[in-house]
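Visitor: got a predicted model here, sequence first, then my questions.
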Amino acid sequence: MDPVTIFQTVGTIVSLGEVVIKCITRLSALKAQFHDAPIIVTSMIGQLHMVKIAQDQLSPLNSPNFAHDARYRQLASQIGNALDSFSPILLTLGRQLDRYEGSSVNRMTAKSRMGFLHGEREMTNLSILLDRQVNALNLLLSAIQCQTWTQQSDIITLKESQSILRLAQDCSSSLFGLEDVASFISENTAAISTEFEFDDVLRSTLLYQAAERSHLRQAIRAKKTKDIDNASTNSLAQRPTTTSGLKRAFQTMRLSKPIAMPDILKARRGIRVDIGRETIVEIPEDSVVTEGKPLQESSAHSNPSLGEDTGQPTQPLLSEIDPGSPRPQSGFGGWRKAFQRRTSNARDTKPHRHHREVPKVLLLGASGGGKSTLINALRLSTEAEDVRGNRSDLRALVWNNMLDSVREFLRAMEEWGDVPIMASARTLLLDPCTDCDRDPAINPEHTREVARAILSLRPTLNSQNVVKWGNVYQFHDNAEYYIENVDRLAEQAVQRSVPTDGDLLRTQVTTTGVHRTTLTYQGSQFCVYDVGGERSERKKWVHAYEDVSAVIYPVDTTGYEKSLREAENVDRMLEQFVILESISNSRWFAQSSFIIVFTKMDLLEGYLKDTDVDAFLRSAKIISDTEPRITAVDEYLSHLERHFRKLVRGANSQERFRFIRANLVDIDKHNPAIDIFDMLENPDRSTFTPLEEGEGFSEKEPVSRATDDGTSEDLSLDVGRPPVGNPEEARCWLGRSLII
Ligand SMILES: Nc1nc2c(ncn2[C@@H]2O[C@H](COP(=O)(O)OP(=O)(O)OP(=O)(O)O)[C@@H](O)[C@H]2O)c(=O)[nH]1
Ligand SMILES: [Mg+2]
């Protein structure tokens with residue numbers, strides 16, 4: 001989660017102070033009124049008191065200055081997501097209490113009031129959800145109160161803390177629409193579907209029901225307009241002469257009649273079919289609503305931050321099912337078939353949207369694959385000087401990335417390598433000065449001292465084969481580069497000068513949410529969406545699935561023998577296989593072309609030497625026992641490509657897949673942008689020649705191609721110019737604040 005969003009999250013939590021106090025007062029009154037009030041009421045009052053204390057302690061942090069604090073930013077990425085559901089849970093509790101006490105039409109029936117108070121499901125569920133959020137809040141507070149960065153990180157990485165965050169995040173899972181298998185890959189959906197009932201609570205709220213009614217009204221209005229248009233254009237041509245024609249005319253007549261709201265609502269509610277976390281409403285046989293306009297499920301199922309306000313694609317719409325086709329069967333299979341029929345019919349008849357509009361390009365993949373780096377490389381390659389942003393604002397980010405990577409090494413060495421670290425260096429590096437981390441130019445002497453400490457440790461760092469601990473520690477891919485350049489980085493930070501393209505492209509910022517960037521290459525525009533690749537982020541992907549022209553799938557070629565950031569026991573490369581298999585065979589992308597980008601080519605050769613790729617390939621059954629030992633880059637990559645191709649099913653699918661090798665961080669030397677834009681511009685060209693080993697590693701040469709009039713056109717991209725621009729642009733530069 002980016003700093004701005006965590007700032008909003010903390011702001012929301014603090015701003016709910018009154019709601020919390022009101023809830024405490026009302027629950028206490030209930031408890032006093034009914035002596036046999038269940039224990040759950042008492043425990044909820046206790047939880048709310050804890051929330052109040054947390055709010056009081058968080059309120060000083062509700063200041064925009066903190067959004068730029070590096071420690072705060074780290075907390076944001078670790079905890080922010082878990083607190084997403086805090087506000088809807090509290091507001092739901094408040095609304096239910098309103099209804100309990102209400103004197104108007106919204107008042108609960110006597111039976112519901114008894115049910116609400118006496119430990120029925122609703123109270124229990126709210127209490128469970130609140131409990132999870134309170135735990136996450138407490139964790140946030142403990143982390144904020146830590147004296148040092150290391151202590152903060154230790155607290156967060158504890159197993160118990162991780163499970164607290166996971167549970168709190170699961171609360172939000174039910175708020176987000178989940179439809180595609182890719183979103184399910186990694187979630188423990190079984191646990192969610194049995195323990196989690198929040199959708200029902202949400203659906204029973206007034207707000208949701210009002211939104212539902214409003215959608216219905218819109219649907220009916222749109223339906224009427226459509227029927228009137230159809231009637232006027234088709235009245236003569238479609239005059240019924242046969243029995244089936246008469247029947248059709250009769251149906252049209254029924255459909256054009258105004259439909260009474262209660263009936264519609266009844267039909268709308270229909271039968272519920274539970275699919276994991278998603279509840280789909282199946283429309284009954286005799287309902288006439290199926291021909292209506294979209295009845296969006298968005299309020300309950302879609303991510304509020306990605307919802308209708310933004311005009312972005314949301315979940316598939318239930319009611320567009322072809323009226324002529326058999327009705328959906330009960331259960332997911334029936335609905336899915338009907339939906340597939342609808343989409344395939346639509347595809348057959350409609351021209352593909354990307355031929356008419358700006359092509360939509362979606363970056364998908366596991367975390368750390370290089371999605372954001374790729375976008376930034378493309379942006380640097382295409383953007384004009386004046387929109388590049390003032391990158392000097394990002395020098396603290398570069399400095400902190402460098403410090404983080406050294407700290408992770410030191411921690412690993414102390415715990416695993418049994419390597420003594422000089423006490424002075426230890427104090428400087430592992431007990432950091434937060435202010436200096438935030439702005440290294442505040443105290444130039446301290447910054448230079450830190451750089452000297454790192455330099456003094458360099459021989460020790462170099463002598464350790466730390467790569468082999470990559471499945472336990474999350475080493476920065478570019479730590480070596482940073483340590484090699486520590487002197488320059490320190491001076492750069494102290495002088496407040498501009499980081500280079502290479503420094504910026506090597507930074508690591510975990511993406512959360514979905515980010516849209518528009519790129520222009522030689523007059524053609526592309527709308528590129530970047531997503532967070534961590535498991536908890538994948539549920540949001542579905543919001544960007546519609547009308548995708550091309551999927552770019554960066555693959556970290558050094559991903560084997562590395563664990564996922566969010567799951568220590570999962571191999572990153574295996575995860576990359578699973579995700580590609582899922583998305584490449586998804587109906588959403590049946591028409592999209594795929595560009596698989598093998599990233600980190602600059603690191604691969606060294607990585608192959610330090611690790612046993614052959615053992616990995618055999619254990620993953622990518623090569624058989626009888627095949628010769630693999631150690632070379634080319635052999636490894638061709639096996640990798642073959643394996644990725646095997647994961648794609650379906651006739652003619654292979655033609656849609658292109659592979660490219662890229663080093664995304666040295667764009668002055670080997671810029672992948674030309675090839676990628678070329679592939680995007682020519683999605684149907686099946687004869688693309690991917691970069692061969694060595695080809696992408698030559699010095700940058702002017703690239704040209706012959707034009708129709710016999711002259712030659714210079715295609716070399718403009719890279720490496722010094723940046724100018726405003727600070728706002730600078731914050732957006734890494735594409736993390738454009739949450740849609
Ligand atoms: N040396 C080198 N580093 C790379 C390359 N591609 C990506 N990286 C680094 O890999 C790290 C992770 O890259 P990101 O682009 O943040 O990965 P992501 O896929 O966006 O990850 P999430 O946002 O967590 O989904 C960054 O530190 C990048 O600098 C590459 O080709 N070479
Ligand atoms: Mg990213």
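Guide: That came through, no problem. Ligands and ions are numbered 1, 2, ... in the order given.
Visitor: from here on, just use CA atoms for contacts and neighbour counts.
Guide: Fine.
Visitor: measure Ser15 to ligand 2 for me?
Guide: In this view, Ser15 and ligand 2 are 30 Å apart by Cα to the ion, to the nearest Å.
Visitor: stretch 394-413 close to ligand 1?
Guide: No. Stretch 394-413 lies out of reach of ligand 1 by Cα under 6 Å from any ligand atom, never closer than 8.5 Å.
Visitor: for that stretch, give the mean pLDDT please.
Guide: What stretch 394-413 shows for mean pLDDT is 81.
Visitor: which other residues reach stretch 475-487?
Guide: By Cα atoms under 8 Å, 6 or more residues apart in numbering, the surrounding residues in contact with stretch 475-487 are 402, 405-406, 408-409, 448, 451-452, 454-455, 458, 489, 506, 508.
Visitor: how about stretch 401-410?
Guide: 421, 429-430, 454, 461, 466, 473-476, 479, 482-483, 486, 507-508.
Visitor: just the ones of those residues in helices?
Guide: Using DSSP state H, the members of the contacts of stretch 401-410 that fall in helices are 429-430, 454, 461, 479, 482-483, 486.
Visitor: before we move on, back to that, drop anything exposed from the contacts of stretch 401-410.
Guide: 429-430, 454, 461, 466, 473-476, 479, 482-483, 486, 507-508 (16 or more other Cα atoms under 10 Å).
Visitor: out of those, which one has the lowest pLDDT?
Guide: Per-residue pLDDT puts Val466 lowest of those, at 65.
Visitor: three-state assignment of Met551?
Guide: Actually, residue 551 is Val. It isn't Met. strand (DSSP: H, G, I helix; E, B strand; the rest coil).
Visitor: for it, give me its contacts.
Guide: By Cα under 8 Å, 6+ apart, the neighbours of Val551 are 361-364, 592-595.
Visitor: show me what it is bridged to.
Guide: Leu362, Phe594 (DSSP bridges).
Visitor: ok, back up a step: between the ones in helices among the contacts of stretch 401-410, which is closest to Phe657?
Guide: Ala479 (32.5 Å; Cα to Cα).
Visitor: measure the closest one to Ala590 for me?
Guide: 39 Å (Cα to Cα, to the nearest Å).
Visitor: which of the three states applies to Thr517?
Guide: Applying three-state DSSP: Thr517 is strand.
Visitor: how many other residues sit next to it?
Guide: 16 (other Cα atoms under 10 Å).
Visitor: and if you look at Glu445?
Guide: Neighbours of Glu445 (other Cα under 10 Å): 12.
Visitor: got it, and Leu139?
Guide: Burial of Leu139 is recorded as 20 neighbouring residues (other Cα under 10 Å).
Visitor: state the distance from it to ligand 1.
Guide: Using Cα to the nearest ligand atom, to the nearest Å, we find Leu139 at a distance of 22 Å from ligand 1.
Visitor: just checking, that residue touches Gln162?
Guide: No. With contacts counted by Cα atoms under 8 Å, Leu139 stays clear of Gln162, the gap being 9.9 Å.
Visitor: if we can go back for a sec, ok, of the contacts of stretch 475-487, which one's closest to Asp84?
Guide: Gln508 (23.2 Å).
Visitor: quick one: the closest one from Ala620, how far?
Guide: Taken as Cα to Cα, the span from Gln508 to Ala620 is 28 Å.
Visitor: what does Ser85 give?
Guide: 38 Å.
Visitor: looking at the buried ones among the contacts of stretch 401-410, which one is closest to Ala615?
Guide: Using Cα to Cα, the buried ones among the contacts of stretch 401-410 come closest to Ala615 at Val466, 18.6 Å.
Visitor: who are the contact partners of Ser367?
Guide: 510, 532-534, 564-565.
Visitor: what subset of these is buried?
Guide: So, by 16+ other Cα under 10 Å, the buried ones in those are 510, 532-534, 564-565.
Visitor: is it fair to say Asp678 lies in a helix?
Guide: Yes. Under three-state DSSP, Asp678 sits within a helix.
Visitor: for it, grab the count of nearby residues.
Guide: Quick note: Asp678 (other Cα under 10 Å) scores 13 neighbours.
Visitor: quick one: pLDDT of it?
Guide: So Asp678 comes in at 85 (pLDDT).
Visitor: so where's the stretch 101-250 of the chain uncertain?
Guide: Applying pLDDT under 70 to the stretch 101-250 of the chain picks out residues 103-106, 117-121, 170-210, 212-250.
Visitor: try it again with 50
Guide: 173-197, 234-250 (pLDDT under 50).
Visitor: so how far is ligand 2 from Leu403?
Guide: Leu403 is 20 Å from ligand 2, by Cα to the ion.
Visitor: for Gln508, same thing?
Guide: Counting by Cα to the ion - Gln508 and ligand 2 are separated by 8 Å.
Visitor: count the residues that sit near the nearest residue to that residue once chain neighbours are set aside.
Guide: Nearest non-adjacent residue to Gln508, counting by Cα to Cα, 6 or more residues apart in numbering: Asn401, 6.8 Å away. When counting by other Cα under 10 Å, one arrives at 23 neighbours for Asn401.
Visitor: same thing with Gly17?
Guide: 17.
Visitor: follow-up on the earlier one: narrow the contacts of Ser367 to those in strands?
Guide: Counting by DSSP state E, the contacts of Ser367 place none of their members in strands.
Visitor: what's the closest of the residues you listed to Glu627?
Guide: Closest to Glu627, out of all of the contacts of Ser367 and judged by Cα to Cα, is Leu564, at 28.9 Å.
Visitor: what sits against the nearest residue to that closest one once chain neighbours are set aside?
Guide: Using Cα to Cα, 6+ apart and skipping the chain neighbours, the partner closest in space to Leu564 is Arg572 (5.3 Å). Counting by Cα under 8 Å, 6+ apart, Arg572 touches 366, 559-564.
Visitor: make CSV out of the contacts of Ser367 and add distance to Glu655.
Guide: Shown next, in CSV, are these (distance: Cα to Cα, whole Å):
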residue, distance to Glu655
Thr510, 32
Gly532, 27
Gly533, 26
Glu534, 29
Leu564, 31
Arg565, 33
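Visitor: how close does Thr12 get to Ser582?
Guide: 36 Å.
Visitor: before we move on, what about Ser524?
Guide: In terms of Cα to Cα, Ser524 sits 30 Å off from Ser582.
Visitor: could you do Ile595 as well?
Guide: 15 Å.
Visitor: those two - which one has more neighbours?
Guide: The neighbour comparison of Ile595 against Ser582 (other Cα under 10 Å) goes to Ile595, with 21 against 18.
Visitor: can you tell me how far that one sits from Met679?
Guide: 8 Å.
Visitor: cool, Ser163 as well?
Guide: 42 Å.
Visitor: who has more neighbours, these two?
Guide: Met679 (20 against 13).
Visitor: which ones are touching Phe598?
Guide: 554-557, 659-662.
Visitor: doesn't it belong to a strand?
Guide: Yes. Under the criterion used here (three-state DSSP), Phe598 sits inside a strand.
Visitor: for beta bridges, what are the partners of it?
Guide: Val555, Arg661.
Visitor: circling back to that earlier point, got any residues that touch both of Leu139 and Gln162?
Guide: Common neighbours of Leu139 and Gln162 (Cα under 8 Å, 6+ apart) are Ile156.
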